[in-house]
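S.K.: Sequence first, predicted model second:
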Amino acid sequence: MQQRDNENRLSQEYTNSVLLNGTLQTPRWWPYLVSVLGFFVIIGFVLFGIQIKYGLGVTGLNRPIYWGLYITTFVFWVGISHAGIMISAILRLTQAEWRRPVTRAAEILTIFSLATALVFPLIHAGRTWRIIYWLIPYDVSRGIWPNIRSPLFMDPIAISTYLTGSTLFLFVALLPDLAVLRDRTTGFRKGFYTILALGWRGNPRQWKMQVVGGILLSALMLPIFVSVHSIVSWDFAVTTAVEGWHSTIFAPYFVIGAVHSGVSAVVTMMALMRWGWGWNEFIRPEHFDALARLLTVVATAWLGFTFLELLFALYGLDAPEIALREMQIFQYPWNMLFLTFLLTGYILPVPMWLFKRIRTNIALMFWSSILVNIGMWLERFLIIVPGLARRTPFVFTWEAYSPSWFEWYILFWSFCWVTLLMLIFSRIFPLVPLFEQKESEVFSDDIKIGRATVPTIFREEEE
Amino acid sequence: MKSLLGLYIDPNDAANAMDGLKEGGFEVGTFDVLTGTPYPEGAFGEHVPQHRLFRFPAFGAIIGFSLSLFLTTATQLAYPLITGGKPILSIFAMLIIMYEMTMLSAVIFSVIGIIFESRLPNIAPGVYDPRITEGYIGVVISVEDSDLGKAKKILEKSGSEEIKEA
Amino acid sequence: MSTNEEHFHWPPSDPKVVKDELISSTKRGGGFIKKSIWVLSILSILGIVGLLGKLFLESDDQTQWGYIAAVLAFILSTTSGAPMVAVAPLIAKANWARPISRIAHIIGVVGIINIIIMIPLLWVLPPLIVDGARRRSIWFEAPNYSPHFWDTLSLIMLAIVGIALLYSSALPDFATIRDNSNGVKQRIAKFLAHGFVGSTVQWSTLRMRIGMMSTFYFFTLIFAHTLISIDLSLSMVPGWRDAIYPMAHAMGGIQGGIASVIIVAWIVRKYFGYENYITINQFWALGRLMFAASLMWIYFFYSAFIVFWYGKSMSDTAWLDLLIRGPMMYVFILGMLFSFIFPWWWLIWNKVRNSVNGPFYGAIIAIFGVFFERVRLYVPAWSVDPSLIHDKWLKVIPKTLFPDIWDVLVLVGAVSSVFLIVIIVSRVVPFIGIWEIQQFNLLAKPVKYIKAHGVRVAKPD
């Protein structure tokens, strides 16, 4: 097999064989990791069953802290889901070449994290089946329709819209790669891919629809992406009953935080993909460099929003609100969580990312991205729980919140579940979009300006 | 009617084949180029397809907007319960549901439009070679039996690696 | 020209032609420019007369200064955001912005006007301690005149950084003018060029300087918008607690900045004869930015609105009464129409965005939108009875206040000053960056890919 063609570009055959090494063959580590994750996931389902049988008493939730780890994790996973559209749609519209190896994995992360997020309100509700009553629009024999004025109803509508849109977007972008799989498999798998590929042949009409359709769907998904986490934030912001929640900045604050945590999760994922499947030629240090620069800008904007949120919490000179913030920042254990949140969310990773040596060091990028997501999970926890702990001015209602091991395990379960789904996906579909990689080889070239060799891109429209 | 597929390694050869077929008097809509990766539009001198893709999201948005307006209005009016001191027809809350459903419908119809405009699903794809997704470029033509030899000659002359017939 | 250059709108590839055509922009316009300078100068002086009239006749009545504050915010919002149109593509390494980046920097220099309008406002803006008690503000326990000091400082910083950004980006062009002119112009250019000869070190230092100035400008812009919006409107209204407000104000500033760049670029293209440089590509990209900005406007507005509408507390209801359905109802409707509905419905069509005039008309609509919005936010804030400043929420909604003759003069003077300063600066600094276009010709070339027309763009970074 020829690795490079006459013009020193990676050949399509080579690209196919390397990027499909996880789909058409089983990596050695794959069965072991899937078994371990599967085991943890099954335990999680069992625990969920136990919770349904014995009720929410198995958790640490109690008056007045009705929303705890489950809702925190719900918001966290919705946040992670914002990676997909950020990478795929925004970078596609701005024609950033470095997005190419990352887009499919980011889209899959979006889909699986959204699906996981949707599960959490069901877990949190205790009597899961009752959610169907107030969610599904039918009123036979109940005498009531869903309350569309409630943000709790708007949430699933928005998340379902985003999930459906992302899945369809993924499928459309998968079509050319399904054709590759159809052409490289036999037997049952060939039949499976043939049906999914819908008869794709690669004529100019179909490629034009990929390009135009990709831009159209990106443009449509972007407003949905902004609206989803804004609506989730309004679960908290529209109520005046809880201190620290009724703030107008919540919508863009949550969205920018979601982009911060989502893109960090993509960095984590890219590092694992490079190490796990050996895609060193396709996932290169310059991709991490570009992502780190994006993250620096996003993180700084996020810090600005965090500052404004805190500033205006104090601005009102409202005694209960100030008391809450004092508790959050100065009282144990909240002060330790607050400090950890600041350190891991911004103070440690972002100054690191100012240096190119660190931005191109994949191991350091991996660990710094994990730090960010620890910080972002803590951010959601610190928004939700302290306000509830001091919900009323009556001291006898104040309670501490101690999540039970149930809740901690379900949090752990969610990470295992998303990872498991992604590993299963990787055995069926390629994690890196093949045609995007090949397209970059076709469109790129090196030229000489003076003595310097400079990479170039061919653009069909005017620059 | 028969179909011929010429396979090429060099994109310039494929472009020459397309030129040759055009000069040979074959109708523009009867031949096409197949690639495993998108090339710049018009790179092979192919006919640039016109599409009406943008009508699909517009139509979808209208459907979604109407449906969501009906759903939100009718459900609120059907059981006029005051919740949180809000008016029975809470327009600002309705706007959010309507926005999401409008966008969802636009996205669904866009995807239908992309698949339709790509002329998929293609149940009878015709002559094809799996090597196209390995980097080969295919030039495919549908001809009458009487023109088969002429078309084959043009494809061979342009430097095809192989010619398949169906 | 080759077939490829005919296919695309492309500047001339000969560096000498580019240099001569763009240097001449400092001389183009002739009699029309001279007449404009006279007219605009007179109108600007009338603006100063308006300010002085206000100061000497109405300085004891805070409620009469809302329109002056609105004009300050309007000029801030339509000009200070303009350099962002150059900064963002610079960071994204997008070449489309090269022909209009200098225009964006020149508009940013107009920040000087804000300082002039701020001076009389400093007299009237209440200190932190009113009637013996400290009023609510973001300055908490800070010294009494903190808002006055820091707000003025932010505007001064913005003006200085704007000038520094323009100077940094125009430095190589000053060297070009120095080497291709004589007399006074050559002496001025020599002084400004500061010995720039185009060595490798100078170019890499210049890149770093432009990058740093751009970043610094962005932070200063956000700082200025935050302080001006909070101190000159939000904290004048008891109970108005709105964390998104500074960012919404900054977003309006970016919308206004994009609009002003489109308008000036259109004028320069049409009346200075630069169709080869400012092409449909620039307007297409700016049209998309304008469209996105109008969507961002409604997003920020709705984020604030929905929280207040749901909250229904006394202060939430007061916000709705003051700024939406009370004295400013018609201004709110106009602001909504001109900031969102009209630009959005106009620019959503591909044919409109992909034209030269489409984004131009959209920009004019947006400028009106920014104006109505600033009037809506600032006039009622200043109209609130100062004796109510310590209340928990606004209990007495002020009546609708209409502008008087001094307010109109200030508005006319301020807008005229913007154009006056832009014209004066353009006599020294070319409207289109010479070195940027020449670098573009080095990095991008129309080519053919087999049979497809396209552009090969070098990405040296």
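M.R.: Perfect, thanks for sending it.

S.K.: Show me the shaky parts of the chain.
M.R.: Here I'm looking at chain A. A:6-7, A:139-142, A:461-463 (pLDDT under 70).

S.K.: my bad, the chain I had in mind was chain C
M.R.: C:1-9, C:461.

S.K.: what about 80?
M.R.: Along chain C, segments meeting pLDDT under 80 span C:1-10, C:13, C:27-30, C:460-461.

S.K.: contacting residues around the spatially most central residue of it?
M.R.: By CA atoms, centre = their mean, the mean C-alpha position of chain C lies nearest to C:T79, the distance being 2.0 Å. By CB atoms under 8 Å, 6 or more residues apart in numbering or on different chains, the contact set of C:T79 is C:I107, C:G108, C:V110, C:G111, C:I113, C:G256, C:G257, C:S260, C:V418. For the C-beta atoms, the positions are set from N, CA and C on the backbone; glycine is no exception.

S.K.: Quick one: residues contacting the residue of chain B found nearest chain A.
M.R.: Sorted by distance to chain A under CB to the nearest CB, the residues of chain B start with B:N122, at 2.8 Å. Residues touching B:N122, when contacts are defined by CB under 8 Å, 6+ apart, comprise A:L198, A:G199, A:W200, A:R201.

S.K.: Tell me which helix or strand the residue nearest to the second one when sequence neighbours are not counted sits in.
M.R.: What it means is A:G199. Take A:G199 and drop its neighbours on the chain: the residue closest to it by CB to CB, 6 or more residues apart in numbering or on different chains is B:N122, 2.8 Å away. Under the criterion DSSP states H and E, no helix or strand holds B:N122.

S.K.: which stretches of the chain form strands?
M.R.: All of this refers to chain A. For chain A, the strands defined by DSSP state E occupy A:444-449, A:452-459.

S.K.: let's do chain B instead
M.R.: For chain B, the strands defined by DSSP E cover B:2-8, B:31-34, B:137-143, B:162-165.

S.K.: Just send those strands back as CSV, with distance to chain C and mean pLDDT too.
M.R.: As requested, the strands of chain B are arranged in CSV below (distance: least, CB to the nearest CB, whole Å; pLDDT from 0 to 100):
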stretch, distance to chain C, mean pLDDT
strand B:2-8, 12, 92
strand B:31-34, 11, 93
strand B:137-143, 11, 93
strand B:162-165, 21, 90
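
S.K.: Now these in JSON lines, please, with extra columns for mean neighbour count and distance to chain A.
M.R.: As requested, the strands of chain B are exported to JSON lines (neighbours: other CB atoms under 10 Å in any protein chain shown; distance: least, CB to the nearest CB, whole Å):
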{"stretch": "strand B:2-8", "mean neighbour count": "21", "distance to chain A": "10"}
{"stretch": "strand B:31-34", "mean neighbour count": "24", "distance to chain A": "5"}
{"stretch": "strand B:137-143", "mean neighbour count": "24", "distance to chain A": "8"}
{"stretch": "strand B:162-165", "mean neighbour count": "14", "distance to chain A": "13"}
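
S.K.: Of these, which is nearest A:Y253?
M.R.: Counting by CB to CB, A:Y253 lies closest to strand B:31-34 out of those; the figure is 49.1 Å.

S.K.: in its sheet, what does the closest one sit against?
M.R.: Within its sheet, strand B:31-34 is paired with strand B:137-143 (antiparallel), according to DSSP bridges.

S.K.: Okay, angle between the strand it pairs with and strand B:2-8 too, please.
M.R.: Interaxial angle, strand B:137-143 versus strand B:2-8 (axes from the mean of the first three to the mean of the last three CA atoms, to 10 degrees): 160 degrees.

S.K.: Stretch A:227-243 close to chain C?
M.R.: Yes. Counting by CB under 8 Å from any CB of the partner chain, chain C has neighbours in stretch A:227-243: A:S230, A:W234, A:A237, A:V238, A:T239, A:T240.

S.K.: Check stretch B:87-103 too.
M.R.: Yes. Counting by CB under 8 Å from any CB, chain C is contacted by stretch B:87-103 at B:F92, B:I96.

S.K.: do that stretch and chain A meet?
M.R.: Yes. Judged by CB under 8 Å from any CB, stretch B:87-103 comes into contact with chain A at B:S90, B:A93, B:M94, B:I96, B:I97, B:Y99, B:E100, B:M101, B:M103.

S.K.: if you look at these, which of them are in helices?
M.R.: Secondary structure defined by DSSP state H assigns B:A93, B:M94, B:I96, B:I97, B:Y99, B:E100, B:M101, B:M103 of these to helices.

S.K.: what about the third one, neighbour count?
M.R.: By other CB atoms under 10 Å in any protein chain shown, the residues close to B:I96 number 24.

S.K.: need the contact list for the closest residue to A:W30 other than its chain neighbours.
M.R.: With CB to CB, 6+ apart as the criterion, A:W30 has its nearest non-adjacent residue at 6.6 Å, and that residue is A:L423. A:L423 sits next to A:W30, A:L33, A:V34, A:L37 when contact means CB under 8 Å, 6+ apart.

S.K.: redo that, cut-off 7 Å
M.R.: Under the criterion of CB atoms under 7 Å, 6 or more residues apart in numbering or on different chains, the contact list for A:L423 reads A:W30, A:L33, A:V34.

S.K.: and it, how far is that from A:I42?
M.R.: Counting by CB to CB, to the nearest Å, the gap from A:L423 to A:I42 is 15 Å.

S.K.: now do C:L171
M.R.: Separation of C:L171 from A:I42 (CB to CB) stands at 67 Å.

S.K.: neighbour-wise, which of those two wins?
M.R.: Each of C:L171 and A:I42 had its neighbours counted (other CB under 10 Å), and the higher figure belongs to C:L171 (19 against 12).

S.K.: wait, doesn't the more buried one sit right on C:W203?
M.R.: No. In this structure C:L171 lies outside contact range of C:W203 using CB atoms under 7 Å: 10.2 Å.

S.K.: ok, the spatially closest residue to A:V418 that is not a sequence neighbour - contacts?
M.R.: In this structure, A:V418 finds its nearest non-sequential neighbour in A:F112, 4.9 Å apart by CB to CB, 6+ apart. Contact criterion CB under 7 Å, 6+ apart gives A:V418, A:L421, A:M422 as the residues in contact with A:F112.

S.K.: Pick out the residue nearest the middle of chain B.
M.R.: Short answer for chain B (CA atoms, centre = their mean): B:S118, at 1.8 Å.

S.K.: quick one, phi psi at that one?
M.R.: Torsion angles at B:S118 (phi, psi; degrees, to the nearest 10) stand at phi -80, psi 0.

S.K.: Which pLDDT value belongs to it?
M.R.: B:S118 carries a pLDDT value of 94.

S.K.: separation between it and chain C?
M.R.: Spatial separation of B:S118 from chain C under the definition CB to the nearest CB, to the nearest Å is 20 Å.

S.K.: Likewise for B:D10?
M.R.: 10 Å.

S.K.: May I ask you to confirm that C:A304 is in contact with A:T248?
M.R.: Yes. Distance between C:A304 and A:T248: 4.2 Å, which falls inside the contact criterion (CB under 7 Å).
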